[in-house]
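K.L.:
Okay, predicted coordinates and the sequence, questions at the end:
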Amino acid sequence: MAALSPASKRAIANLRAFKAQPTNYYKCPLKRRAAVLILLYADRGGDLRVVLTIRSAGLKNYAGQAALPGGKADTLQETPFQTARREAFEEIGLPLSDQKLPTGYEIEHLTELPANLAMTELGVRPCVAYLKTPPPSPLNQSPNAARDLLPTLDAKEVAAVFTAPFFNFLREQDLDAEQRQTVSGQWYKGSWHSWHESAWRMHQFSVPVTPTTVFLAKPEVARSSEEQSPAPAAQQTPKPTLPQSPAAGKPRQATIQPPLPRSFYTIAGDALQQPRYRVFGMTARIMVDCARVAYGEEPEFEHNSHFGDEDMIERLIKIGRLTPVKREGEMLTRDVMIKAANAKI
């Protein structure tokens, strides 16, 4: 495995030094707390890749969608990073301690990003970690983080795990010129939508997958895509400060599209049999924000200038939302968001 490239070294250093604003995550009751793990590792060229999953088709929420490993907190004493690591262990088999990792591997907790607000009224804390790969040894002459660590999946929760080029979440096209020409579909699509009276940028990335970047789950035994690859079919320093440019120097589009239909959130056909896996919504937004911090630059496409949803989480708590009892099917509505926006904090 190659050493980190200079750009990757700077990205890791920026994330390591980043300190988020005080979070409202700890003001959320237990049933409203969740965390996700942004696990980064170096590929053979020394560039960073990030680990993502495809949720199982049988899940109640977000079935078949791409997501970061993560889930709800178990106790009030559990930190966001502990929640994210535990969920990553349950979903993709990532060991909970370095002692249980393959020899030479190590996970460093780099930072935590501002909490995001899920549509289901959860405060979601992104936790960033770096998976250090060991140098070649007689027992492992060619260490490969994806191959050595990712194929152990819980098929009840995760249908597949795949990896994506981290820096590419700041770009409008595939960085790999060959993939642009040979893999059907395009890397990025985006548009402004009205989300309860606010302009919200919907990012949609389509990540090319290959036999070495995706692993499929089986009911009892996880299987690498080296045994079964997707079928070709059509298918989302000084301490760094957060970039504040409203839209990477570009003017905001004059037209805001209407709210997305529910059908947008479903996958047509088998999500695992696509040449690209769609990453969109909150997961895509988290990836863009994390890359902004890591590489110290704004994306080529337009995006929301605010970082996370700390302000809105505080406002919702102020008006009595995000209560300890979570009701079935509870979702944010236009009236709730308007009331929260007008709340004094």
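P.N.:
That came through fine. Residues are numbered from 1 along each chain as shown.
K.L.:
how about this structure, which residue sits the furthest from its center?
P.N.:
Within the chain, residue 138 marks the point farthest from the mean C-alpha position, 34.7 Å out by Cα atoms, centre = their mean.
K.L.:
do you know how far that residue is from residue 103?
P.N.:
Going from residue 138 to residue 103 by Cβ to Cβ, to the nearest Å gives 11 Å. (Glycine included, C-beta is placed from N, CA and C.)
K.L.:
In the stretch 201-345 of the chain, where is pLDDT below threshold?
P.N.:
217-271 (pLDDT under 70).
K.L.:
which residues of it fall in strands?
P.N.:
Under the criterion DSSP state E, counting those that start in this stretch, the stretch 201-345 of the chain contains strands at 214-216, 223-224, 276-280.
K.L.:
I figured residue 25 hits residue 123, correct?
P.N.:
Yes - here residue 25 reaches residue 123: they are 5.1 Å apart, a contact under Cβ atoms under 8 Å.
K.L.:
So these two - more neighbours on which side?
P.N.:
Neighbours were counted for residue 25 and for residue 123 using other Cβ atoms under 10 Å; residue 123 has more, 29 against 24.
K.L.:
ok, now which ones touch that one?
P.N.:
By Cβ atoms under 8 Å, 6 or more residues apart in numbering, the residues touching residue 123 are 24-25, 28, 32-34, 115-117, 313, 322.
K.L.:
And the residue farthest from the centre of the chain, how close does it get to residue 104?
P.N.:
12 Å.
K.L.:
What of residue 286?
P.N.:
Counting by Cβ to Cβ, the gap from residue 286 to residue 104 is 29 Å.
K.L.:
just residue 319 next, same as before
P.N.:
51 Å.
K.L.:
Could you pull out the strands in the stretch 51-200 of the chain for me?
P.N.:
Listed in chain order, the strands of the stretch 51-200 of the chain (DSSP E, counting those that start in this stretch) span 66-67, 70-72, 106-112, 116-117, 123-132, 158-165, 188-195, 198-208.
K.L.:
So which of the ones you listed is nearest residue 273?
P.N.:
Closest of the strands of the stretch 51-200 of the chain to residue 273 is strand 158-165, at 10.6 Å (criterion: Cβ to Cβ).
K.L.:
pLDDT of stretch 75-82, averaged?
P.N.:
In this model, stretch 75-82 has an average pLDDT of 97.
K.L.:
So for that stretch, first residue to last residue, what's the gap.
P.N.:
10 Å (Cα to Cα, to the nearest Å).
K.L.:
Going by neighbour count, list what's buried in it.
P.N.:
78-82 (16 or more other Cβ atoms under 10 Å).
K.L.:
Show me the contact partners of it.
P.N.:
For stretch 75-82, using Cβ under 8 Å, 6+ apart, the contacting residues are 25, 30, 33, 35, 73, 86, 109, 112, 125, 127, 129.
K.L.:
so what's the second one up against?
P.N.:
If you count contacts by Cβ under 8 Å, 6+ apart, residue 30 has them with 73, 75-76, 324.
K.L.:
again with the last one
P.N.:
Counting by Cβ under 8 Å, 6+ apart, residue 129 touches 37-40, 81, 84, 107-110.
K.L.:
try it again with 6 Å
P.N.:
Going by Cβ atoms under 6 Å, 6 or more residues apart in numbering, residue 129 touches 39, 107, 109.
K.L.:
Over to the third one?
P.N.:
Each residue near residue 33 by Cβ under 6 Å, 6+ apart is listed here: 73, 123.
K.L.:
likewise the first one?
P.N.:
Each residue near residue 25 by Cβ under 6 Å, 6+ apart is listed here: 115, 123, 125.
K.L.:
And for the fourth one?
P.N.:
Contact partners of residue 35, counting by Cβ under 6 Å, 6+ apart, are 70, 80, 83-84, 125, 127.
K.L.:
any chance of these in JSON lines, with distance to residue 204 too?
P.N.:
Putting those into JSON lines (distance: Cβ to Cβ, whole Å) gives the following:
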{"residue": "70", "distance to residue 204": "20"}
{"residue": "80", "distance to residue 204": "26"}
{"residue": "83", "distance to residue 204": "27"}
{"residue": "84", "distance to residue 204": "24"}
{"residue": "125", "distance to residue 204": "23"}
{"residue": "127", "distance to residue 204": "24"}
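K.L.:
Among these, which one has the most neighbours?
P.N.:
When neighbours are taken as other Cβ under 10 Å, the top entry among the contacts of residue 35 is residue 84 (30 neighbours).
K.L.:
Show me which positions of stretch 186-203 end up buried.
P.N.:
Of all the residues in stretch 186-203, those buried under the rule 16+ other Cβ under 10 Å are 187-190, 192-193, 195-196, 200-203.
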